[in-house]
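A.B. asks: A predicted structure for the sequence below; I have some questions about it.
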Amino acid sequence: MSDVVIELSGLGKSFGSLEVLRGIDLQVERGEVVCIIGPSGSGKSTLLRCVNLLEEPTAGKVVVDGTELTDPDTDLDGARRHVGMVFQQFNLFSHLHVLDNLTIAQRKVLGRDKKTAEKVARENLDRVGLAEKADAMPAQLSGGQQQRVAIARALSMNPRVMLFDEPTSALDPELVGDVLGVMRQLADEGMTMLVVTHEMQFAREVADRVLFMDGGVIVEQGPPSEVIGNPKEERTRTFLARVLDPTHTHPEAPAE
Ligand SMILES: Nc1ncnc2c1ncn2[C@@H]1O[C@H](COP(=O)(O)OP(=O)(O)OP(=O)(O)O)[C@@H](O)[C@H]1O
């Protein structure tokens, strides 16, 4: 029996007259890593933000781990706890130590006591290779370390699924590998992940499935060997030719 964790059906989103998502159907199974690629403005971030209702869909249904988030009777705050999100910007509290950045939501949202929250926080800092940075202030860390703290913070809430929105785009190229390494490790541990990324090598090596989006629809999807290695659709081929061109300097280009 399949174990679907994320289920989007007929998902639509418009901003005024701008239709950004059109009739998206998507099922993500437990433990699956799905990478979303596509040109700027194709709706990738909006799709991700609809999964935890940071954006409210204008049509369709969102179900996460059996709970319909689009049902007005759903306790949205409760349901969102199961969805960890990591953004391009790390959004750490600059006035709090790393450890407090990781304990604050655990204590406020999950009601964990200080000792338990700190234990969970230290375990997750260890998981991202930053156990020794618990007492540092965010400004004392590199961008890559701050992003790993942001991942550890999301993991401290024991999510059932992790959403990543271009988590390496704001990083200096030499720091990208450490963050992708942590994401690879999570994938190996069986975390269900939906990742918007320009890192084609990561998508190629880590994704179970790649979605190519354009114009608010999923144009093509399948294993990376097909969608990246041997795309069927002309639009996918054009996009990949552009981003895989080493002379290409657009932000969609994969970092070296
Ligand atoms: N809050 C908003 N209000 C109005 N328009 C928006 C809003 N958020 C996104 N859009 C528009 O929706 C479209 C899709 O944006 P989205 O960020 O989802 O694309 P994307 O594929 O993630 O692009 P990128 O790769 O550049 O991040 C864009 O035209 C964008 O300007």
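C.D. replies: Received it, and whenever you're ready, just let me know what you need. No experiment lies behind these values; they were computed from the predicted model shown.

A.B. asks: could you list the low-pLDDT ranges of the stretch 101-250 of the chain?
C.D. replies: 246, 248-250 (pLDDT under 70).

A.B. asks: which residues in it form strands?
C.D. replies: Remark: strands assigned in the stretch 101-250 of the chain by DSSP state E, counting those that start in this stretch are 161-165, 192-196, 209-214, 217-222.

A.B. asks: tabulate those strands (JSON lines), appending mean neighbour count and distance to the ligand.
C.D. replies: All C-beta atoms are positioned from the backbone trio N, CA, C, and that covers glycine. Shown next, in JSON lines, are the strands of the stretch 101-250 of the chain (neighbours: other C-beta atoms under 10 Å; distance: least, C-beta to the nearest ligand atom, whole Å):
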{"stretch": "strand 161-165", "mean neighbour count": "23", "distance to the ligand": "8"}
{"stretch": "strand 192-196", "mean neighbour count": "25", "distance to the ligand": "6"}
{"stretch": "strand 209-214", "mean neighbour count": "24", "distance to the ligand": "7"}
{"stretch": "strand 217-222", "mean neighbour count": "18", "distance to the ligand": "12"}
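
A.B. asks: make JSON lines out of those and add distance to Leu21.
C.D. replies: Converted to JSON lines, these look like this (distance: least, C-beta to C-beta, whole Å):
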{"stretch": "strand 161-165", "distance to Leu21": "15"}
{"stretch": "strand 192-196", "distance to Leu21": "13"}
{"stretch": "strand 209-214", "distance to Leu21": "9"}
{"stretch": "strand 217-222", "distance to Leu21": "8"}
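
A.B. asks: around the ligand, pick out the residues from this structure.
C.D. replies: 15, 18, 20, 38, 40-46 (C-beta under 6 Å from any ligand atom).

A.B. asks: and those residues, which of them are buried?
C.D. replies: 20, 38, 42-46 (16 or more other C-beta atoms under 10 Å).

A.B. asks: mind checking which of these are in helices?
C.D. replies: Of those, the ones assigned to helices by DSSP state H are 44-46.

A.B. asks: quick check: Ile36 is in a helix.
C.D. replies: No. Counting by DSSP: H, G, I helix; E, B strand; the rest coil, Ile36 is located in no helix; its state is strand.

A.B. asks: what sits against it?
C.D. replies: Contact analysis of Ile36 by C-beta atoms under 8 Å, 6 or more residues apart in numbering lists 44, 47-48, 194-197, 210-211, 213.

A.B. asks: and the two most separated of those residues?
C.D. replies: The widest separation within the contacts of Ile36, taken as C-beta to C-beta, falls between Leu48 and Val210 and amounts to 14.8 Å.

A.B. asks: re earlier: export the residues of the chain next to the ligand as TSV, with columns for pLDDT.
C.D. replies: Formatted as TSV, these follow (pLDDT from 0 to 100):
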residue	pLDDT
Phe15	96
Leu18	95
Val20	97
Gly38	96
Ser40	94
Gly41	94
Ser42	96
Gly43	96
Lys44	97
Ser45	96
Thr46	97
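
A.B. asks: out of these, which comes closest to Val109?
C.D. replies: When the residues of the chain next to the ligand are compared against Val109 (criterion: C-beta to C-beta), the nearest one is Ser45, at 23.6 Å.

A.B. asks: in the sheet, who's paired with the residue lying closest to that closest one once chain neighbours are set aside?
C.D. replies: Closest residue to Ser45 in three dimensions, ignoring its sequence neighbours and counting by C-beta to C-beta, 6 or more residues apart in numbering: Asp165, at 5.5 Å. Bridge pairing for Asp165 (DSSP bridges) gives the partners Val196.

A.B. asks: just to revisit the earlier point, Glu29: which of the buried ones among the residues of the chain next to the ligand is nearest?
C.D. replies: Once C-beta to C-beta is applied, the member of these that ends up nearest Glu29 is Lys44, at 20.2 Å.

A.B. asks: just to check, that closest one is in contact with Phe212?
C.D. replies: No. Applying C-beta atoms under 8 Å as the test, Lys44 and Phe212 come out as separate, 10.0 Å apart.

A.B. asks: touching both of the two, which residues are there?
C.D. replies: Common neighbours of Lys44 and Phe212 (C-beta under 8 Å, 6+ apart) are 37-38.
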